[in-house]
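after the sequence you'll find the predicted model.
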Amino acid sequence: MQVYITAIEEGFLYGLLALGIYISLRILDIPDLTTEGSFGFGSAVAAVVASKGLSVTSFIAAFAAGVIAGIVTGLLQTKLKVHPVLAGIITMSGLYSINLMVRGSSNLNFNDNSVFTKFYKALGISGADKKVAGLVIGAVICILVLILLIVFFRTHLGLCIRATGDNPDMVRASSINVDFSLIFGLALANGLIALSGALISHYLGLSDQSFSNGTLIYGLAAVIIGEAIFGKRNVALGLTSAVVGSVIYKIIVAFVIDVSLFGKNSENLMKLTCAIIVAATLVVPEIKHKIENAKVKKEAKKND
């Protein structure tokens, strides 16, 4: 049972990552590859700031770091006319070295200054109760951010960002600054991704260069799984489905490890598991669509 509680807890912590990817991929319609760089950037900045005793401030610093990463990617796209995919790769590659410089090494331990550790000590929580408490913390933070995002995307600026993703030419004709909307959207998305990196680092009590590996495919899996369940109706439901998809994905991974689906190699094949999950969630809806079309064609032929 502890395995699944941990999975749900991590699902909420990574939920901010899923929200960030949903904003760039679905709202802005941009395949932003900055993700792994900004996630690691948030993790590194949070670790350094928290190690100085500024635990809460580390989250603000991490979010700001992600915003800067998003702005750089946005400027490359809008001002230098670099292709969105290449712009993300450039920023991500640069951040790999910057993250090492920020930490001063490949990893940094700050467990004593972790928000989670301080919270547990303050309330006298120990043992298995830490998992439940961590789950509550993760869920509260993720739900609060989700609510704020839903409200934001109903404001004028939020609607401009949504319109930019839907039809930039129409938005440009309406005298709305498309470049600003795109840059702001990418800054917000990467800020959330960096904040997720900070939360994961506080949860584990350390920041490591390898933490960001695979975060992009994880976020995509969360978004796709959520959409497979809830569909594509509106932004509010889409953002919610991304968080739910994040939790479901982590539960699936926990199940694979728990039942040793791949035998002794189950824990070492997480990337393969993720790839299978993403492929399944993409293929199944398409298969259903083809079956429905085949039925319609058969009925049409019978009527003829």
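Yep, that arrived.

which strands and helices lie in contact with the strand or helix carrying S97?
S97 is part of helix 84-103 when elements are defined by DSSP states H and E. Contacts defined by 3 or more C-beta pairs under 8 Å, 6 or more residues apart in numbering; DSSP states H and E place helix 84-103 against helix 35-51, helix 55-78. In this view, the C-beta of every residue, glycine as well, is placed from N, C-alpha and C.

and among those helices, the most buried is which?
Sort the helices and strands packed on helix 84-103 by mean neighbour count, taking mean count of other C-beta atoms under 10 Å, and helix 35-51 sits at the top with a mean of 30.

now it against helix 84-103, angle please.
Counting by axes from the mean of the first three to the mean of the last three C-alpha atoms, to 10 degrees, helix 35-51 lies at 20 degrees to helix 84-103.

what mean pLDDT does helix 35-51 have?
Throughout helix 35-51, pLDDT has a mean value of 94.

only C-alpha atoms, please: export it in PDB.
C-alpha atoms of helix 35-51 as PDB (Å, rounded to 0.1, in the frame of the first residue of the first chain):
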ATOM      1  CA  THR A  35      11.300  21.100 -20.300                       C
ATOM      2  CA  GLU A  36      14.200  18.900 -19.100                       C
ATOM      3  CA  GLY A  37      16.500  22.000 -18.800                       C
ATOM      4  CA  SER A  38      14.000  24.100 -16.900                       C
ATOM      5  CA  PHE A  39      13.100  21.200 -14.600                       C
ATOM      6  CA  GLY A  40      16.700  20.700 -13.700                       C
ATOM      7  CA  PHE A  41      17.200  24.500 -13.400                       C
ATOM      8  CA  GLY A  42      14.400  24.800 -10.900                       C
ATOM      9  CA  SER A  43      15.800  21.800  -8.900                       C
ATOM     10  CA  ALA A  44      19.400  23.300  -8.900                       C
ATOM     11  CA  VAL A  45      18.300  26.800  -7.900                       C
ATOM     12  CA  ALA A  46      16.000  25.500  -5.200                       C
ATOM     13  CA  ALA A  47      18.700  23.300  -3.700                       C
ATOM     14  CA  VAL A  48      21.300  26.100  -3.600                       C
ATOM     15  CA  VAL A  49      18.900  28.700  -2.100                       C
ATOM     16  CA  ALA A  50      17.400  26.100   0.400                       C
ATOM     17  CA  SER A  51      20.900  25.100   1.500                       C
END
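
what helices and strands are in contact with that helix?
Applying 3+ C-beta pairs under 8 Å, 6+ apart, one finds that helix 35-51 makes contact with helix 15-22, helix 55-78, helix 84-103, strand 107-109, helix 178-204, strand 206-208, helix 215-230.

packing partners of the helix or strand that the last one is followed by?
Counting by DSSP H and E, the element after helix 215-230 in chain order, helix or strand, is helix 235-258. Under the contact criterion of 3+ C-beta pairs under 8 Å, 6+ apart, the helices and strands touching helix 235-258 comprise helix 2-13, helix 15-22, helix 129-152, helix 215-230, helix 270-303.

of all these, which lies closest to L192?
Of all those, helix 15-22 sits nearest to L192, with 3.8 Å by C-beta to C-beta.

helices or strands up against that closest one?
Helix 15-22 packs on helix 35-51, helix 129-152, helix 178-204, helix 215-230, helix 235-258, going by 3+ C-beta pairs under 8 Å, 6+ apart.

show the contacting residues for G88.
Applying C-beta atoms under 8 Å, 6 or more residues apart in numbering to G88 gives the contacts 31-35, 73.

spatially nearest residue to S181, not counting backbone neighbours?
Once flanking residues are discounted, S181 sits nearest to T164: 4.1 Å by C-beta to C-beta, 6 or more residues apart in numbering.

so which bits of the helix holding S97 are buried?
84, 87-92, 95, 98-99, 102-103 (16 or more other C-beta atoms under 10 Å).

so can I have CSV of those showing pLDDT and distance to G127?
Compiled in CSV, the buried residues of helix 84-103 are given as follows (pLDDT from 0 to 100; distance: C-beta to C-beta, whole Å):
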residue, pLDDT, distance to G127
P84, 91, 47
A87, 94, 47
G88, 94, 42
I89, 94, 44
I90, 95, 46
T91, 95, 42
M92, 95, 39
L95, 94, 37
I98, 94, 38
N99, 93, 34
V102, 92, 34
R103, 90, 31
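
and of the residues you listed, the nearest to I183?
A87 (11.3 Å).
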